[in-house]
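S.K.: build me a model from this:
(chains A, B, C, D and E)
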Amino acid sequence: MNGLTIILSLLVIASALGAVALRNLVHCALCLMGVFLGLAAIYLCLDAQFVGLVQILVYVGAVGILLVFAILLTRGGGAELSPFFSPSWAIGAGAAALLALIMVAAILKTDSLPAPDAGGAELPTLAQIGKRLMQEDVIVLEAMGLLLTAAAVGAIVLAMPEPPPKKEEEA
Amino acid sequence: MTSLQGFLVLSALLFCVGLGAVLTRRNVILALIGVELMLNAANLNFIAFARLGPHPNAMEGWMFVVFSIAVAAAEAAVGLALVIAIYRRLRTAHLDQMDSLKG
Amino acid sequence: MSPIVSWLWLVPALPLAAAAVLCFLPDRLRRFALPLAGGAMGLGFLLSCAALSEAARSPSAAGVHNFLWLEFGGSPLMLGWILDPLSAAMLAMVTFVGFWIFVFSAGYMAHDPHYVRFFCFLSLFASAMLGVVMANSLLLLFMCWEVMGLASYLLIGFWFHKPSAAAAAKKAFITTRIGDIGFLLGMVWLYGESGTLLFYDQGAGCLETSAIARMAGHAAGAGMMASTGISLLLFAGAVGKSGQIPLHVWLPDAMEGPTPVSALIHAATMVAAGVFLMARVYPIASALPPPPPVAQVASVASAPNAATPDAPAPAASHPSSLPSSSHEASVSAPTSVRSTPLPALCLRVMAWVGALTALFAALTAVAQTDIKRILAYSTVSQLGFMFLGLATGGVAVGMFHLLTHAFFKALLFLGAGSVIHGCHDEQDIRAMGGLRRWMPTTFVAYAIGMMALAGVPLFFSGFWSKDEILHAAALWSPSKWPFIIGVAAAFLTAFYMTRQMVYVYAGEYRGAGRGADGGGSMDPHESPSLMTIPLGALAACAILLSVLGTPVWPWFHAFLSGHAPRFEPSISLGVLVVMFLSVVLTAGGIGLGLSIYARAPSASLADEDPLEAWRPGLWQILRNRFYIDELYESSFIAWHAALGRFSAWLDDKVLGAAVESVRLAALGLAWAARLCDEFAVNLGFDEACDCLRQAAGRISRFHDGQAQRYLRFLALALSALAFWILWK
Amino acid sequence: MLGTGIIKGMVETARNFVGSYTDKERLTTVEYPEERIPAKENARQFPFLVFDGEDPQAGLRCVACQICEKECPPQCILIVKDTTKKPDYMGKMQFQPKVFDIDISVCMSCQICVEVCPFEAIKMDTEFELSRGDRFGGLLVNKTGLAKSNAHYRRIHPAEAAEVDSRLAAEKAKAEAKAKAAAAAAAPAPATADVSKK
Amino acid sequence: MMDWIREFLGMLWKTVSDQPDPKAAFLPLIPEEWRSETSVLLSIAPLMMIFPALFALTTVVERKGLGRIQNRLGPNRVGPAGFLQFAADGLKTLTKEDIVPRAADQLVHFLAPLALVVPVFLTFSVLPFGRHLVPLDLESGLLFFFAIGAATELSVFMAGWASRNKYSLLGALRAVAQMVSYEIPLILSALTVVMATGTLSLPQIVDAQAAGNGEWLARWHVFTPWGFFGFALFLVAACAEANRAPFDLPEGESEIIAGYYLEYSGFKFALFFLGEYLGLFAACGLGITLFLGGWHAPLPILERWIPSYAWFFAKLAALIGLFIWVRGTLPRVRMDQLMNLAWKFMLPLALVNLLAVALWHFLPNPLARWAASSILLAGAYVGLGRALMPPSRIGKRVYRYAPQDSR
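M.R.: Now for the predicted structure:
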């Protein structure tokens, strides 16, 4: 990890904490965008150009916008009114912190992680990724397309305004 | 601490922050944000292992992330549509008030 | 059989089809209603004319077309239609008058929102009437008769939002049903006697010689032949339909319907159906028992005034007479010896009923003020004349009056409609006056109708037809009273029509708040040509028809009786005497009317009638129609109500108590069963369930529907698991 | 077909664009301070007072009758009568306005003052460049500022002014004729005869 | 020092005269540790100067052009024929009071214009301006362009939401909905080129459009049926992405005053203005790169005499002129028309266009592939146009209260 990635990591963690802990939902969403952008930058630093750019395109351009719309449509633009701290909050936060502790400890304790191949192996090019997507993983790609279509249709159906209840049922 | 370990720690922390959001925040959208964070943490793991693992030229990690991003997009679309539908019916976006199945 | 007979069914079918189309016609296409209904009627008229000419060419041969309708086991039920002079004449009359009434209606009802429905009903009605006229089966006739009753109900109650109209419709329907029960019974009896309901069926019909002879020879008990009983029952139907005493009460009330309906019902069709029915079954009604011993036939005498004043009396005065063949003989033999055999009992009843109705209705008409009510009572009176004529002079006499009356009464009603229309729905003749100036066309037409009705001599058809009836009544052997009563009624007819004319057309306009000097839009006005043209057509017929039945050239009688008309330049003395008498009567009636009313026409609405001033007591009786309605109200209807109350009481207290006791018994049993079930069976089960529920409740406290709580447990468990895996 | 309308519109605007360089008819605007469109005769901005002769104050036609002050809908005219009198164009002795102010920040250019003036003393100016540094004060115009010569009036409204002048001349001639007749009638009086001789 | 200046001037000359790697001689003069940063700066600085300058010029040209289209003169006071108007405007916006509403979300309100301008500048980094002029030769340059371009939606939302003004919020939501909707036909139309050339790298795409040996006409993609339709779709979608007339609903001053930048004034407003225009330039530049042959001249002979960036900027100027022309011609569309156009017309047409590229790619015979893809696209265009705008049977309008024959 060089200096740039450390700075980015700190930025990502800070943004993530902001996204989770801020009172105003729109701020949360904007912080989440920060996490996404930071992660994309980390991906770029890890030479994962395609994935990083897709991360920005999909997460910032699509998921983020969706989130923001959902927040506004559920009147979440204002500040949250209910109290922040509560006993259940403590349980949840404690469980998360405990898990974090265990995982970090486990990672740091492990010293048998594989080292990168020193042979200077070439990273996959974009053309290779494309070939892989269109040839070997084409079934997965098709399935993904199907999934996305189904998700889009399902989302539209779910969010469609319900027809007004009929008069007879009301009466 | 190796570089890989650093990214793994970052990933673990990101995951737990997301988990914390899912476990503590009552707003559904925040829970979804937490889920997104957890997904991103997993993606980061994939990328880190793919780049800093023993076979940098293997593409499985990259492919996984690409598909995972697509799945995340689908998940966000359906999840947020569900949130909107539930909000329209219950007039609330709070998880603790969505307890129609309460025993 | 000529081809026209096999196509004759089209005459009623066309209006029926028009009605069917009209009932689906939306109101925005109302301009098609008249062409449709009127066209069907006009086509029917053309067909009827063809049929009439066919019938006139060979009057003696009736064209019959029968067909199988249903088959009950082995016995076929035939229906059919007939073309004989009677039906041909009626067909032509009904279609012709009906057509003009349709045309008139288009003007009269032009502003009604239910214009199309009205034409639908009118067409249905006309179709039913035509069916009655051309039916060759008593059953078919009865079916059409009932459809006609339904249509008249619908039409009288056309403005059903008026409570009086709805009540009148119900009254008409129920009252005629009373007569129809008689009709139905008679029909059933006829079927039992003759085995067929076809009138003419190549010798097997019930109106043909063999059946008549069989019926007339079959004693039915109470001193009557079967034919007498049947015809009396059928006559009951006719009485109901034609509004004779005592079932006349519905007819004046039926004036609540639109005026063209009044014209159609009271002039041309429905009321005439009764007369027509009797004319149709005349062979049965007039059937005499088989020829008695020669001695009685040969015995010659002329003994007028001998009959008892009441027609049913002979039968009633011998309740225990012999059940065997000759009750006529038993009546006639002790009283006197006569030149001709006494007419059949039914005809005598008919004559008396007719004569009394004629007088009664004429008296009532004198004191009415509603222009349509006067005409309605006049109709009742004229129908009495028709029955009198039918009974005394035979089919031709009655039918001739029916036809002439149809034209001039339709004319009068349409004229009244025109007057009402012109006076903005005013019906009280006291509120009219002076309309001669405002509505000259209507006045002329109405005057022609009035003169025809009153019997002004020579040029008006009513004179000839009524004259014939009087003549026949005068020659009637059993009694002279019907003749005298008829004469009085004829006199009164002229009188009340003069009264009405003077009220409506003479003097000054008396409409409230309007008048000649007002010059406002509420002035009376002449009706549109769509309404005056029918008036003209009918007026022409009211005059022209007189040529068909003059004693000099009795074409119509000859036509009906099936032989060629003869030209008789010489008129017998009797005829001349009666004719003279009726001229005097008419002149007297008109003169009296003029002298009472025209000398000092009443100036305002509030003026009391001169007759009222003269004899208030009598006036009140006449004004209230002899209190017949009230009599019915306090007798039959009250009795019915009492019976109904008694039935309700019986149902509630006696039958209800029985049902209640059964219910209580069942309830007691159920109680016992339930106790057993609850305390014996359920207790153990309930306990078990409760245990389960409580246990489940404790467990389900974790399942509070909070997704996050589940997740928290999951996270804790995950941490524990990871911890255990890593540092076990 | 979809798009033909767009192309037609584009052609039309292109014609406008090119035409604005080549065709004077299409480009109707002018660069204002350098170029001006001559004022139309019927243009009206704010009223001014007409004077005859050389001296703006002495020659004012206004006689302080105050009709315009009463009629003015926004009440932007203030007139104070002077105590002295001087003869008007017909020789009648009339009052003078001591103060005649118009607040043109209030004036709405309705021209009612002009319509009601019986002395042809107030007219509408075509001057429109009236902007001032001060928001209100500079727009309160006094008698001196309002007085403009009849020549100016003739220049800005030639037709109207010609008509007014001829009418005034005619009235003046009539009045003089009358005065002459009156003088002739009063001829025996020597004092008046002297006056008329002058 | 003299060396330094000489090499710097030499670098400029090499840049201007289209020579490869102009920085090669200059960079070694820089100390080792500053070299990469200097190189980046040398790439960025021209961008940061040229495009804002172009923006300044465009504002004036646009106003003058619109004026001429509407028979007016346009700006004509500042400088020769008014061409220094942009300076006056810039000074004005810089010196204006910066007003932030009290209820606004201060931080987000401040960040929004920056978040708009930064990605827009970033997008220029992958555009090849000339033969050797591409600041960042990314393997997936096109993806970079769209990914960064998508981030501007977020800044628009930030601006609208942070202003705490319902008109701003409405304008922002409209703008975001519009941009999201039009991004799809935009990307799909660009994808045709990717399908045809098989690369995401913009310089390679430009190279693919160069004329072959002995050909006298360049092989611009716009000269093919699918390229023509793709270019048209791309232009319309870019117009909507840049919120330009006739798709300037998010501003919609007659209904929502000025949309998402209603509450911005002074320099922040100028930044929005700048961001919008730079977005337009970037979109035009991408269009040129994808369809109009990039920096290639239409006739290969001309490339010898006129430098490559001149061709690029000439095409850019032409496209900007086209947008000005369209803005002066077409009225603003309605929201439903906007959405209908995107989802019911452009999206299906873009999909058909993809099919047409596939046909083009797989049919061997030049004549056959011309005919096939032309017929396919023309049919789709006519059919979709009919479906979107059914021939309306509108009778002569009748006024209820006016006399019928007063015309």
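S.K.: use CA for all of it now, contacts and neighbours both
M.R.: Will do.
S.K.: going along the chain, name the strands of chain D.
M.R.: D:47-51, D:77-87, D:93-103, D:122-124, D:140-141, D:147-149 (DSSP state E).
S.K.: could you list every helix and strand in contact with the first one?
M.R.: This means strand D:47-51. Here strand D:47-51 touches strand D:122-124, helix D:143-146, strand D:147-149, helix D:150-156, going by 3 or more CA pairs under 8 Å, 6 or more residues apart in numbering or on different chains; DSSP states H and E.
S.K.: what residues of the last one count as buried?
M.R.: In other words, helix D:150-156. D:150, D:153, D:156 (16 or more other CA atoms under 10 Å in any protein chain shown).
S.K.: residue 63 - how many residues pack around it?
M.R.: Chain wasn't specified; assuming chain A. Counted with other CA atoms under 10 Å in any protein chain shown, residues neighbouring A:Val63 total 22.
S.K.: I was thinking of chain D, sorry if that wasn't clear
M.R.: D:Val63 has 20 neighbours, counted by other CA under 10 Å.
S.K.: so it touches D:Met93, yeah?
M.R.: No: using CA atoms under 8 Å, D:Val63 is not in contact with D:Met93; the gap is 9.3 Å.
S.K.: tell me where the stretch 301-450 of chain C has strands.
M.R.: Remark: strands of the stretch 301-450 of chain C are absent; assignment by DSSP state E, counting those that start in this stretch.
S.K.: just chain A next, same as before
M.R.: With DSSP E, there are no strands along chain A.
S.K.: for it, list the residues in contact with chain C, please.
M.R.: A:88, A:91-92, A:95-96, A:98-99, A:102, A:106 (CA under 8 Å from any CA of the partner chain).
S.K.: from those residues, list the buried ones, please.
M.R.: The neighbour count (16+ other CA under 10 Å) marks A:91-92, A:95-96, A:98-99, A:102, A:106 as buried among the residues of chain A next to chain C.
S.K.: what about chain B: which of those residues touch it?
M.R.: Contacts with chain B within these, counted by CA under 8 Å from any CA: A:92, A:95-96, A:99.
S.K.: mind putting those into a markdown table with pLDDT and distance to E:Ile99?
M.R.: Output for these, formatted as a markdown table (pLDDT from 0 to 100; distance: CA to CA, whole Å):
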| residue | pLDDT | distance to E:Ile99 |
| --- | --- | --- |
| A:Gly92 | 81 | 43 |
| A:Ala95 | 84 | 46 |
| A:Ala96 | 84 | 43 |
| A:Leu99 | 85 | 47 |
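S.K.: which of the residues you listed fall in helices?
M.R.: Members of those lying in helices (criterion: DSSP state H): A:92, A:95-96, A:99.
S.K.: any stretches of the chain with poor pLDDT?
M.R.: Since no chain was named, I'll use chain A. Counting by pLDDT under 70, the low-confidence segments of chain A come to A:1, A:76-86, A:113-121, A:165-171.
S.K.: nope, chain B please
M.R.: Applying pLDDT under 70 to chain B flags the ranges B:1, B:99-103.
S.K.: can you map out the helices along it?
M.R.: B:3-24, B:28-52, B:60-90.
S.K.: just checking, what packs against the shortest one?
M.R.: So that's helix B:3-24. The elements that helix B:3-24 packs onto, with contact taken as 3+ CA pairs under 8 Å, 6+ apart, are helix A:3-21, helix A:87-109, helix B:28-52, helix C:707-726.
S.K.: same list (the ones you listed) but as TSV, adding distance to chain D.
M.R.: As requested, these are arranged in TSV below (distance: least, CA to the nearest CA, whole Å):
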stretch	distance to chain D
helix A:3-21	47
helix A:87-109	59
helix B:28-52	43
helix C:707-726	53
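S.K.: which one of the ones you listed lies nearest to chain E?
M.R.: Closest of the helices and strands packed on helix B:3-24 to chain E is helix A:3-21, at 14.1 Å (criterion: CA to the nearest CA).
S.K.: who are the packing partners of the closest one?
M.R.: Counting by 3+ CA pairs under 8 Å, 6+ apart, the packing neighbours recorded for helix A:3-21 are helix A:25-45, helix B:3-24, helix B:28-52.
S.K.: what's the spacing between the residue sitting nearest the centre point of chain D and D:Pro56?
M.R.: For chain D, D:Lys123 is the residue whose C-alpha lies nearest the centre (CA atoms, centre = their mean; 2.2 Å). Taking CA to CA, to the nearest Å as the criterion, D:Lys123 is separated from D:Pro56 by 15 Å.
S.K.: who in chain E is up against chain A?
M.R.: Contact residues, chain E versus chain A (CA under 8 Å from any CA): E:139-140, E:143-144, E:146-148, E:150-151, E:153-154, E:176, E:180, E:199.
S.K.: so which of these comes closest to C:Ile596?
M.R.: Using CA to CA, the shortest approach to C:Ile596 within the residues of chain E next to chain A belongs to E:Val176, at 99.4 Å.
S.K.: can you give me the neighbour number for that closest one?
M.R.: For E:Val176, the neighbour count with other CA under 10 Å is 22.
S.K.: how about D:Lys148: what's its closest non-neighbour residue?
M.R.: For D:Lys148, ignoring the flanking residues on the chain, the nearest one in space by CA to CA, 6 or more residues apart in numbering or on different chains is D:Val50 at 5.3 Å.
S.K.: oh, I was asking about C:Leu130
M.R.: Spatial nearest neighbour of C:Leu130, excluding adjacent residues (CA to CA, 6+ apart): C:Pro12 at 5.3 Å.
S.K.: give me the contacts around the host helix or strand of that neighbour.
M.R.: Using DSSP states H and E, C:Pro12 falls within helix C:10-22. Taking contacts as CA atoms under 8 Å, 6 or more residues apart in numbering or on different chains, the residues outside helix C:10-22 that touch it are C:33, C:36-37, C:40-41, C:43-45, C:47-48, C:116-117, C:119-124, C:126-131.
S.K.: count the neighbours of the residue of chain E at minimum distance from chain A for me.
M.R.: Nearest residue of chain E to chain A (CA to the nearest CA) works out as E:Ala147 at 4.2 Å. Using other CA under 10 Å, E:Ala147 is surrounded by 23 other residues.
S.K.: how about whichever residue of chain D sits closest to chain B: what's its closest non-neighbour residue?
M.R.: Ranking the residues of chain D by distance to chain B (CA to the nearest CA) places D:Leu2 first, at 34.0 Å. Closest residue to D:Leu2 apart from its sequence neighbours, by CA to CA, 6+ apart: E:Gly385 at 5.3 Å.
S.K.: okay, and the residue of chain E closest to chain A sits in which element?
M.R.: Per DSSP H and E: E:Ala147 is located in helix E:141-162.
S.K.: kindly export that helix (C-alpha atoms) in PDB.
M.R.: Written as PDB, here are the backbone C-alpha positions of helix E:141-162 (Å, rounded to 0.1, in the frame of the first residue of the first chain):
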ATOM      1  CA  GLY E 141     -11.300   6.000 -22.500                       C
ATOM      2  CA  LEU E 142     -14.900   5.900 -23.700                       C
ATOM      3  CA  LEU E 143     -16.000   4.200 -20.500                       C
ATOM      4  CA  PHE E 144     -14.100   6.800 -18.600                       C
ATOM      5  CA  PHE E 145     -15.900   9.600 -20.400                       C
ATOM      6  CA  PHE E 146     -19.300   8.200 -19.600                       C
ATOM      7  CA  ALA E 147     -18.500   7.200 -16.000                       C
ATOM      8  CA  ILE E 148     -17.200  10.700 -15.200                       C
ATOM      9  CA  GLY E 149     -20.000  12.300 -17.200                       C
ATOM     10  CA  ALA E 150     -22.500  10.300 -15.100                       C
ATOM     11  CA  ALA E 151     -21.100  11.900 -12.000                       C
ATOM     12  CA  THR E 152     -22.400  15.300 -13.000                       C
ATOM     13  CA  GLU E 153     -26.000  14.200 -12.300                       C
ATOM     14  CA  LEU E 154     -25.000  14.000  -8.700                       C
ATOM     15  CA  SER E 155     -23.800  17.500  -8.600                       C
ATOM     16  CA  VAL E 156     -27.000  18.700 -10.200                       C
ATOM     17  CA  PHE E 157     -29.000  17.000  -7.500                       C
ATOM     18  CA  MET E 158     -26.700  18.400  -4.800                       C
ATOM     19  CA  ALA E 159     -27.300  21.900  -6.100                       C
ATOM     20  CA  GLY E 160     -31.000  21.500  -6.200                       C
ATOM     21  CA  TRP E 161     -31.400  19.800  -2.900                       C
ATOM     22  CA  ALA E 162     -29.000  21.900  -0.900                       C
END
